[in-house]
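1. sequence first, then the predicted structure, then my questions.
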Amino acid sequence: MDENVRKSWQLEANLVQFKNPLWQAGIDKLRKVIADRLGHADVPLECVLYKLLVYGEGGHFVKHQDTEKEDGMIATLVVQPPSEHEGGDLVVYRDGKLAYRHDFGKADGSAAYAPHYAVHYADAEHALEKVTKGFRLVLVYSICLPVTMRHLERKEYKLLNEDLAQAISNMGKDQNENENGEADRKAEQPANANDAKDDKKDKDGKGGEAKKEEKKDDDKDAVVKDDKDDSFALLLDHEYTMNSIMNLGSGAFKGIDRARFHALEEANALVAPETKLRFFIARLAHDVRYYDCGDYGCEKQGHRESITWYSLTGEELGKVRGVTEKLNLLNPGHETLEGLWWRYGIETKEGGYTGNEGSTEITTYTRYAIVAWRMADHVEKALRFMPIDVAADAMRDHKPVDGAALRTLFGRATIRLKDENGYREDWESEYTLSRKFREVVCDLVVDAGDPSVVSLFFKYYCGTLGYMEGGEALVLSITKILRAYDWGEIGDAVSKKLSD
């Protein structure tokens, strides 16, 4: 061995024996962690001992790449048992430049008392700096794919967060033309419930052939919308309680959920500001109502969906019922539809048998998910998926907004009112726009500089001030509107509302 290249003592794997029964258990546990971090979750990676090495004073290994010591080798694991020494840092390079430095516990003084480890891809250039004092003992393992999964091996390896960062940067790039087209269509949404009814009447007046053609076009638009790759929802594998999410937020995540979320956060930190993602936690719920037909089984009577939104800190942002927009669900485990939801169902009885009547039961399926889209797209996505209050807040964060943007907000509010009230049971109160929504919109209207939007707000979205709890809080906001606009342009709409 040329000591100018490498200076160490070596012991072949067949001469190394472990007497501690917990050693292999520790390696097996570490193997699972490594699999998650390298993007091979649930793959039973193999850890094959290569050599035991001892570096004394002056020991080193110049910059090099590992040779493939085992079939299917994808990475190298270096385990350092307690070793009191100085120097001997492991440095890893990327594109010829130093990217990572591992000191194996010397900086915090734990090297002599606790084991440490590092993992790098097999083709990563790396070096061991000179040991200046003491002895450094290490065990080198080859991380290999099992024989049945060698097809997963890649020719060039990147860190998982680098792969994810590239994927995040490329999200939605092929959809620009479709997005522009859809933005135009969204702006044409009816601004109020009456306009929506008039539009429906016009459509109902068309002939049968026109209706069929129109339905085909709607289907095409739906496909474009569902296939867009500019957002995603990653279902969490573990089950969580509402209390744990509200108290801990993303801190409640366990196991593979925690590993995946941390990987996404690390990758998001690497991308350019214009492509950074914004993350939310969502509780997806499906209520499926069945009628028990006795010996003939069950008959499905209805199906309702809802999404409850939370910030990463656990703050509840609101609930959307009667969901019509579809999230882009990721399915990394390639599970069937039944596999995705079946074990998450909770069955509740609703009424017993009465005479010849069967019982009705509701099964609620719930799963939490990480939902992400670009920060730059937050207003548009909030309008589509989130509570209308959140969408209004998002607009306020991007002030000033113009009249066209407010008309889009009003159009979405109309649609949301229709969806929510179509979802509610007979005994539930009618869904109305909240006081918070009205207050936020007042602030936006002041900056919009569009008198027609002011009239639209007072006519359809302001509500009846005299009967709204806390309505007096709107007085200050309305006063700002009155000061910002000419009375001749908005007076009729304001006077009519105040006289209600």
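-> Yep, it's here. Residues are numbered from 1 along each chain as shown.

2. list the contacts of Arg384.
-> 325, 412 (C-beta atoms under 8 Å, 6 or more residues apart in numbering). Every C-beta, even on glycine, is put in place using the N, C-alpha and C of the backbone.

3. now for Phe253, how many residues are close by?
-> 23 (other C-beta atoms under 10 Å).

4. same question for the one 4 residues further on.
-> Close neighbours of Asp257, defined as other C-beta under 10 Å, add up to 19.

5. can you list the domain ranges for the protein.
-> 6-156, 158-174+230-380, 190-229, 400-500 (automatic domain parsing).

6. worst mean pLDDT among the ones you listed?
-> Of all those, the minimum mean pLDDT falls on domain 190-229 (a mean of 40).

7. what are the ranges of the strands in the stretch 151-300 of the chain?
-> Assigned by DSSP state E, counting those that start in this stretch, the stretch 151-300 of the chain shows strands spanning 231-235, 277-292, 298-310.

8. and the first one, what does it pack onto?
-> In this case it means strand 231-235. If you count contacts as 3 or more C-beta pairs under 8 Å, 6 or more residues apart in numbering; DSSP states H and E, strand 231-235 packs onto strand 277-292, strand 329-330, strand 360-374.

9. again with the second one
-> With contacts taken as 3+ C-beta pairs under 8 Å, 6+ apart, strand 277-292 sits against strand 231-235, helix 242-248, helix 255-268, strand 298-310, strand 360-374.

10. quick one, which of these gets closest to Ala122.
-> helix 255-268 (20.3 Å; C-beta to C-beta).

11. run the chain-centre distance for the closest one.
-> Taking C-alpha atoms, centre = their mean, to the nearest Å, one finds the center of helix 255-268 at 10 Å from the center of the full chain.

12. other residues contacting that helix?
-> So helix 255-268 is contacted by 36-37, 41-42, 160-165, 167-168, 234, 236-238, 250, 253, 276-277, 279, 370, 372 (C-beta under 8 Å, 6+ apart).

13. hang on, the earlier thing: for the strands of the stretch 151-300 of the chain, which one sits closest to Ala394?
-> Closest among those, using C-beta to C-beta: strand 277-292, at 9.9 Å.

14. adjacent strands (with direction) for the closest one?
-> Strand pairing for strand 277-292, using DSSP bridges, gives strand 298-310 (antiparallel), strand 360-374 (antiparallel).

15. okay, buried residues for it please.
-> The neighbour-count check on strand 277-292 (16 or more other C-beta atoms under 10 Å) flags 277-290, 292 as buried.

16. what do you get for stretch 112-128?
-> So for stretch 112-128, counting by 16+ other C-beta under 10 Å, buried means 115-122, 124-126, 128.

17. just to revisit the earlier point, would you turn the strands of the stretch 151-300 of the chain into JSON lines with distance to Arg416?
-> Shown next, in JSON lines, are these (distance: least, C-beta to C-beta, whole Å):
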{"stretch": "strand 231-235", "distance to Arg416": "19"}
{"stretch": "strand 277-292", "distance to Arg416": "17"}
{"stretch": "strand 298-310", "distance to Arg416": "12"}
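
18. so for Val48, which of those sits nearest?
-> strand 231-235 (32.5 Å).

19. any chance of the helices and strands packed on strand 277-292 in JSON lines, with distance to Asp95 too?
-> Formatted as JSON lines, those follow (distance: least, C-beta to C-beta, whole Å):
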{"stretch": "strand 231-235", "distance to Asp95": "29"}
{"stretch": "helix 242-248", "distance to Asp95": "39"}
{"stretch": "helix 255-268", "distance to Asp95": "18"}
{"stretch": "strand 298-310", "distance to Asp95": "40"}
{"stretch": "strand 360-374", "distance to Asp95": "27"}
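
20. for Arg396, which of those is the nearest?
-> Using C-beta to C-beta and comparing the helices and strands packed on strand 277-292, the one that lies nearest Arg396 is strand 298-310, at 17.3 Å.

21. next SSE after the closest one?
-> Sequence-wise, the next helix or strand downstream of strand 298-310 (DSSP states H and E) is strand 316-321.

22. and that next one, what does it pack onto?
-> Counting by 3+ C-beta pairs under 8 Å, 6+ apart, strand 316-321 packs on strand 298-310, helix 388-397, helix 403-423.

23. related to what we said a few turns ago, redo the buried residues of stretch 112-128 as a markdown table? Include secondary structure.
-> Output for the buried residues of stretch 112-128, formatted as a markdown table (DSSP: H, G, I helix; E, B strand; the rest coil):
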| residue | secondary structure |
| --- | --- |
| Pro115 | coil |
| His116 | strand |
| Tyr117 | strand |
| Ala118 | strand |
| Val119 | strand |
| His120 | strand |
| Tyr121 | strand |
| Ala122 | coil |
| Ala124 | coil |
| Glu125 | coil |
| His126 | strand |
| Leu128 | strand |
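
24. so which of the residues you listed comes closest to Glu3?
-> Checking the buried residues of stretch 112-128 one by one against Glu3 (C-beta to C-beta), the nearest turns out to be Leu128, at 13.2 Å.
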